[in-house]
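Test case, fold it:
(chains A, B, C and D)
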There are 4 protein chains.
Amino acid sequence: MATGVWLIGARGSVAVTSVVGALALRAGLAEPTGCVCELPALRGLTLPGLGDLVFGGHDIVDTPLSKRADELAAAGVLPGRLVTAVAGDLPTVAEALRPVPAGRCQSEIADGIAADIIAFRDRHHLDRVVVINVASTEAVPVPRSAHADLAALRAALARPGAPLPPSSLAAYAAFTAGCPFVDFTPSTGARLPALHELATSSGLPYAGNDGKTGETLVKSVLAPMFAMRNLTVRTWSGTNLLGGGDGANLADPAANAAKTASKQRLLAEILGYQPQGTTRIEYVDDIGDFKTAWDLITFTGFLGTSMRLEFSWHGCDSALAAPLVLDLARITAAAHRAGLSGPLADLAFFFKDPLGATDHSLAEQWAALCGLVRRVGAASR
Amino acid sequence: MATGVWLIGARGSVAVTSVVGALALRAGLAEPTGCVCELPALRGLTLPGLGDLVFGGHDIVDTPLSKRADELAAAGVLPGRLVTAVAGDLPTVAEALRPVPAGRCQSEIADGIAADIIAFRDRHHLDRVVVINVASTEAVPVPRSAHADLAALRAALARPGAPLPPSSLAAYAAFTAGCPFVDFTPSTGARLPALHELATSSGLPYAGNDGKTGETLVKSVLAPMFAMRNLTVRTWSGTNLLGGGDGANLADPAANAAKTASKQRLLAEILGYQPQGTTRIEYVDDIGDFKTAWDLITFTGFLGTSMRLEFSWHGCDSALAAPLVLDLARITAAAHRAGLSGPLADLAFFFKDPLGATDHSLAEQWAALCGLVRRVGAASR
Amino acid sequence: MATGVWLIGARGSVAVTSVVGALALRAGLAEPTGCVCELPALRGLTLPGLGDLVFGGHDIVDTPLSKRADELAAAGVLPGRLVTAVAGDLPTVAEALRPVPAGRCQSEIADGIAADIIAFRDRHHLDRVVVINVASTEAVPVPRSAHADLAALRAALARPGAPLPPSSLAAYAAFTAGCPFVDFTPSTGARLPALHELATSSGLPYAGNDGKTGETLVKSVLAPMFAMRNLTVRTWSGTNLLGGGDGANLADPAANAAKTASKQRLLAEILGYQPQGTTRIEYVDDIGDFKTAWDLITFTGFLGTSMRLEFSWHGCDSALAAPLVLDLARITAAAHRAGLSGPLADLAFFFKDPLGATDHSLAEQWAALCGLVRRVGAASR
Amino acid sequence: MATGVWLIGARGSVAVTSVVGALALRAGLAEPTGCVCELPALRGLTLPGLGDLVFGGHDIVDTPLSKRADELAAAGVLPGRLVTAVAGDLPTVAEALRPVPAGRCQSEIADGIAADIIAFRDRHHLDRVVVINVASTEAVPVPRSAHADLAALRAALARPGAPLPPSSLAAYAAFTAGCPFVDFTPSTGARLPALHELATSSGLPYAGNDGKTGETLVKSVLAPMFAMRNLTVRTWSGTNLLGGGDGANLADPAANAAKTASKQRLLAEILGYQPQGTTRIEYVDDIGDFKTAWDLITFTGFLGTSMRLEFSWHGCDSALAAPLVLDLARITAAAHRAGLSGPLADLAFFFKDPLGATDHSLAEQWAALCGLVRRVGAASR
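Got it, this is the predicted structure:
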């Protein structure tokens, strides 16, 4: 039942919060708050346990894990007492982290990534490894013809140049190594026809994109409320203030564009029409790992009466993301064990821009998730 | 298919907005925004149409309907152009309004109420009449032994004194007249064992209580969001500022207590525990028929991280209530036609404190509502 | 004592609200709410009275005044009963409105503008005319060498081409006609060395820019609060949602840039340092003439504790601007009568980007305003 | 120049934050953020320096200072690194803390309090001691005839019973010991005619009441803004959610009443009329030492247009109060040195319910404060 979790971006805030949290939960030092699989409705099914998870991963930086954990404690993301309590377990995880392999072409780099993952699986005698991308958001890549077809992609990867963005190269390598892949970021990841072909021909499931941790989570329950009451949303305008590493990255307009587009598309899909208004992302480094979102919604009711709703959300992104990363590792591992392959649309509950799914209502997504977990939990016996 | 709607409090804001709105919709002058039965998911089933509804009712005041309609236009609740457009139809409705009958004991008063309703049904050749309470909120009544049993209640009603609050007397009279009863207010209405006995023995359905039009509507989608994500709500504190007639009435601490208690109970039922915090209702006459609610929610996530959500809601109560009154009249009429009796738990979608139902998640309530409408729509053929 | 008010943009929302309001006040139909000159501290000084004001103006569109007044009533900016009550007075004002003169060069256009103003002054036997720009915001113009010097400017105006943006051409024409000029918009107006030279050599006062009617008004009291308490503002991030004509215009990034820059500069001038954060302006036509601003301020206190303040402001721009336009007309007329010339820095109270002043604290600006009004009121006896 | 600061409630959050902060500032470990006397406008006058302050005090509990400091660090009020850094200095302060003296009548208790203060002054060779009440808020006391007159009060104190609430007994003892008294709480303190008589006859200044640290601070700048713009405030409704010790105490309706009344009175004094709406204080222990206030202000502008402003404030009460306690100690000591006696109305800047002052506009209060500091700073040379 031992399950590997290979984190792309393993030294980032989300990854380190996930690792420290899993160690603390295993040691009985904290409650599993935020872990969806620990809810009464899902608990007790035969998913891999939190204690079955073994962590490894790649990162392009080499900041020591313990240093990142201390920084997160100073920033109020991790409780200092937990960082101290699990300090003795961090070196074992740190040993399983690897620098991103180099190579003359992306094919060689992918081989290096896959080799690292396979070595990790063998060393720890793992039943399977789930690869999860929690690296910084990439810019939207230039479309290329090699993306459309696996044979063309393989040929392109063997030549110099970089046909794939890093997140997609990680997905390619994961599939090559026989591992499911989950993209928690808005980057491209597995969302290319060539990679879909590789995953399904290898019998591998994958999921994504973009963990739903803040404003979009709230949208996914408020928008259906307006729809169910036949109230017409006229304007939905949002401002997101982000600090931390991801904030700085998203200040890049290219990365920003990918994220804000998916945030507004959801409204059209739930409501059946696109209200006015846009979503702004602004980087404010003083805010740190906490994010503030403010949304104004104007709507009309009976006979055209104008009304409004405003909300502001102050959340800690890493603390919201980390338990979902653990949930995704456990459910995706069970789905792989149960023989599922291709996009796991029933994981839409976790994502802003869910693969293979168009129902953005959180309640519908919750029902789909419960169904999936019951199936793959039952299948395991 | 002609269906009567007998409004208790027929000259109040909600009643007049419902009447003017129904006339405007029938004339094709407005879209059915806010009318749940007009959503694609429910439209087309054989409910009584908006054009089948005939209005009458009781009120303790005698303000002319047209004067109330003008006041609502001045207050921005009704568009002036619609009030002007339907002015020619208001006298017909006004003729069907009656003062509340007098009597030496409540039994005589109830007979008078029932006689008025029956006369209305006969005069307009109606298939049935749904009685809907939209009067001001009452204080919580003193419990009495006569409430427990129909025979005891009948005996008590025949004696001087007032064993029933007005809302319950209206329910009693409705049932006596063979009519379904809906309570859109937090008052007692049909919620007494003796009245339940009368309704079921008469084969009559009833529903309530307290139309869910503002802060509680938002709570009913946000609280499940926290629950589904296994986030622990620590505090949920609300402030409601109300103007208009209902606001002044709710400033009475006794009426207030009934309303605020049901607002917080919902949280415990959705979350499985009671967060800290209370709901305050304050009367501010400057606000008029518009209501402002502000809620602060503090919650903890993974490893105890503190986060928060605030929302403020600015809604027009009458505009939110009126289309639901029309929906309730249509669905309850269809349920009666289909032979249902007793509390209609599947109407929980419409109520803050739903009779016979304990699931307060709006998404679950929506599913139940759709099921009910499909059953009673199909049953009619 | 008869004083003309010549409005550039005389058929726009601010102008029409000012005119209808002045007529209603004169007729005793409304209280002078929002009129600063009617406060006890300033009332009773010998400013021109509201009844002394005579309106005229230019506009590039020819929408009838009465139609614009009806539109403003429909939008909730003007009460319908006042529009009806003053309807008989509007034709007189409408007769005093002129299309913007044409010409082969800007010199000819300016002559036409000045001729219209002088004709208006003569026809109505006015002591003086104050020209006030309430037209839509212009894009920031390209700097030109002719702006630096009056002789060069006169030469350039006589040639084809448009060395001056419309707001500056209006200021030029006003000064040529011997009239004070006030710019209520963020456009360039009189803010060019050549125009300053013309005003001072003609003994004429001028004032501007950009009426302080919403978010910036609140900033001008909150920022000094932080400063006086020695609290360090870390972030001040604002979102402004605007509808109406000015909103659409400001969606043009060039116009937008002028406005948002002045909004943030004020913070640096009050606080002595520039906090993080920007101001966003977004156009949302559903909002109409009402504007919603949301600001998040994070600040640190004793020993570095992080704290925050959020505000949202829902104001009607025209209703906030119009009484200030009347105040500015009256005070500027008195200043002219008292012999003042050049920029009236003591009118900073009214402006986001005040000419000749750097103190952005509203309380300091109020003291300066009171001083000015007492001086020019006393000077008149 | 050595100045004693004798804190009533010396082991409470505000006191401990003040002490730790003063030690950290003295050691150069932190910036004097929040210290008004360190602003450029006031710095450099001959007030006692932060390094001249020596702390002592009374408390009814005996929690060790270092334990309270650790608790405040855990709660995010004090930075852990500063608590660690000043740990070596805390024992010296702890030695100067005393339990509240006992006695058979309040006269004996007052003698004991005064004796403790005098012993502290002598032991540390202090020029003077300022007594500052930062204890929990008391209930409003029953009025007594002995409060009106010093002779009657002295007679009553010598008899059994408790004619004075604790805060007033502390003020009595302070004056007896020849010390100025400052009340940072809403309790009665020196606000009794008999105590005023004692202070002035002893040549002692006093100040209070109720440190202005949150919602009221914001009110004191926003209300003048509406007044200066002649906008009519219709409603001002506030909700304050408090945790921590003071929050629990204020949940007592009697204490609550004192505080909420002063919060609304300020509006009438600034605006010249009392808007609708009340201020609610609710205790929510999850919020800890941080306070959230939400205020809704509705106002009307030109021709009656309705507009609104909402704000929410999230502040740490102890962090906001502590630097003001240091400021008050320094300025009151200088005022004593300069020979002032009676209520220091020019300290209104610091208080919600300022003694001897009725101008509640923060800008006016700031001007008065600057004047006072310049006078007493200059007087010292």
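
Just list the residues touching A:L296, thanks.
A:L296 is in contact with A:T235, A:W236, A:S237, A:G238, A:G277, A:R308, A:L309, A:E310, C:L241, C:T292, C:W294, C:S312, counting by C-beta atoms under 8 Å, 6 or more residues apart in numbering or on different chains. To be clear about C-beta, it is placed using only N, CA and C from the backbone, and glycine gets the same treatment.

Could you rerun that using 7 Å?
A:T235, A:S237, A:R308, A:E310, C:L241, C:T292, C:W294 (C-beta atoms under 7 Å, 6 or more residues apart in numbering or on different chains).

just checking, what packs against the biggest helix by length in chain A?
Secondary structure assigned by DSSP state H gives helix A:317-337 as the longest helix of chain A. On a contact count with 3 or more C-beta pairs under 7 Å, 6 or more residues apart in numbering or on different chains; DSSP states H and E, helix A:317-337 meets strand A:3-8, helix A:13-26, strand A:128-133, strand A:205-208, helix A:362-379.

would TSV of these with mean neighbour count and distance to A:G304 be doable?
Compiled in TSV, those are given as follows (neighbours: other C-beta atoms under 10 Å in any protein chain shown; distance: least, C-beta to C-beta, whole Å):
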stretch	mean neighbour count	distance to A:G304
strand A:3-8	28	50
helix A:13-26	27	45
strand A:128-133	27	46
strand A:205-208	29	41
helix A:362-379	19	28
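
closest one to chain B among these?
With C-beta to the nearest C-beta, the closest approach to chain B among these belongs to helix A:362-379: 2.9 Å.

Run through the stretch 151-300 of chain A and note the low-pLDDT ranges.
A:244-259, A:262-263 (pLDDT under 70).

how does it look with 80?
Applying pLDDT under 80 to the stretch 151-300 of chain A picks out residues A:243-265, A:285-288.

Can you measure across stretch A:294-313, start residue to end residue?
Stretch A:294-313 stretches 7 Å from its first residue to its last (C-alpha to C-alpha, to the nearest Å).

ok now it, how far from the chain's centre?
30 Å (C-alpha atoms, centre = their mean, to the nearest Å).

buried set for that stretch?
Within stretch A:294-313, the residues that count as buried by 16 or more other C-beta atoms under 10 Å in any protein chain shown are A:294-303, A:305-313.

do the same with stretch A:64-80
Applying 16+ other C-beta under 10 Å to stretch A:64-80 flags A:65-66, A:68-73, A:75-79 as buried.

just the CA coordinates of stretch A:225-232, formatted as CSV?
Below are the C-alpha coordinates for stretch A:225-232, written out as CSV (Å, rounded to 0.1, in the frame of the first residue of the first chain):
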residue,chain,number,x,y,z
MET,A,225,-27.0,30.1,-5.7
PHE,A,226,-27.9,32.9,-8.1
ALA,A,227,-28.6,30.4,-10.9
MET,A,228,-30.9,28.3,-8.7
ARG,A,229,-32.9,31.3,-7.6
ASN,A,230,-33.2,32.7,-11.2
LEU,A,231,-31.5,35.9,-10.2
THR,A,232,-29.6,37.6,-13.1
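
Does it reach chain B?
Yes. Applying C-beta under 7 Å from any C-beta of the partner chain, one finds stretch A:225-232 in contact with chain B at A:M225, A:M228, A:R229, A:N230, A:L231, A:T232.

The third one is in contact with B:C35, isn't it?
Read it as A:R229. No. The pair A:R229 / B:C35 is not scored as a contact, 9.4 Å apart, by C-beta atoms under 7 Å.

how about the strands of the stretch 101-250 of chain A, start to end?
If you assign secondary structure with DSSP state E, counting those that start in this stretch, the strands in the stretch 101-250 of chain A sit at A:128-133, A:181-183, A:205-208, A:232-242.

As CSV, those strands with distance to A:A329 would be great.
Output for the strands of the stretch 101-250 of chain A, formatted as CSV (distance: least, C-beta to C-beta, whole Å):
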stretch, distance to A:A329
strand A:128-133, 5
strand A:181-183, 8
strand A:205-208, 11
strand A:232-242, 25
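
now for the ones you listed, which one comes closest to B:F351?
Shortest separation from B:F351 across the strands of the stretch 101-250 of chain A is recorded for strand A:232-242, at 22.9 Å, computed as C-beta to C-beta.

is that closest one anywhere near chain C?
Yes. Applying C-beta under 7 Å from any C-beta, one finds strand A:232-242 in contact with chain C at A:R234, A:T235, A:S237, A:T239, A:L241.

wait, the last one sits on A:G288?
By that I understand A:L241. No. With contact defined as C-beta under 7 Å, A:L241 does not count as touching A:G288 (10.9 Å).

more neighbours, the two?
In this view A:L241 and A:G288 are compared by other C-beta atoms under 10 Å in any protein chain shown, and A:L241 has more residues nearby, 25 against 19.

show me what contacts that one?
Counted by C-beta under 7 Å, 6+ apart, A:L241 has contacts A:E282, A:V284, A:I287, A:K291, A:T292, C:S237, C:L296.

Repeat that for A:F349.
By C-beta under 7 Å, 6+ apart, A:F349 lies in contact with A:L362, A:Q365, A:W366, A:L369.

neighbouring contacts of stretch A:114-126?
A:2-4, A:6, A:54, A:56, A:58, A:96, A:98, A:101, A:129, A:131, A:173-174, A:176-177, A:179.

Of the residues you listed, grab the buried ones for ChimeraX.
Selection of buried members from the contacts of stretch A:114-126 for ChimeraX, criterion 16+ other C-beta under 10 Å:
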select /A:2,3,4,6,54,56,58,96,98,101,129,131,173,174,176,177,179
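
Now do the helices for the stretch 201-350 of chain A: every range, in order, please.
With helices called from DSSP state H, counting those that start in this stretch, the stretch 201-350 of chain A shows them at A:215-228, A:244-250, A:253-271, A:317-337.

just those: most buried one?
Most buried of the helices of the stretch 201-350 of chain A by mean neighbour count (mean count of other C-beta atoms under 10 Å in any protein chain shown) is helix A:317-337; its value is a mean of 27.

Could you report the neighbour count for A:M1?
For A:M1, using other C-beta under 10 Å, the count is 14.

ok, it to A:H125 distance?
From A:M1 over to A:H125 the distance is 11 Å, taken as C-beta to C-beta, to the nearest Å.

Leaving aside the residues adjacent along the chain, what's closest to A:C37?
Among residues not flanking A:C37 along the chain, A:D327 sits closest, at 4.9 Å (C-beta to C-beta, 6 or more residues apart in numbering or on different chains).

what's the distance between that neighbour and chain C?
Look at A:D327 and chain C: by C-beta to the nearest C-beta, to the nearest Å, they are 31 Å apart.

residues in contact with that residue?
By C-beta under 7 Å, 6+ apart, A:D327 lies in contact with A:C35, A:V36, A:C37.

Which one of the residues you listed is nearest to chain D?
Once C-beta to the nearest C-beta is applied, the member of those that ends up nearest chain D is A:C35, at 21.2 Å.

How about the closest one: what's its closest non-neighbour residue?
Nearest residue to A:C35 in three dimensions, chain neighbours excluded: A:P323, at 4.4 Å (C-beta to C-beta, 6+ apart).

ok, now which ones touch that neighbour?
Taking C-beta under 7 Å, 6+ apart, we find A:P323 in contact with A:G21, A:G34, A:C35, B:F302.
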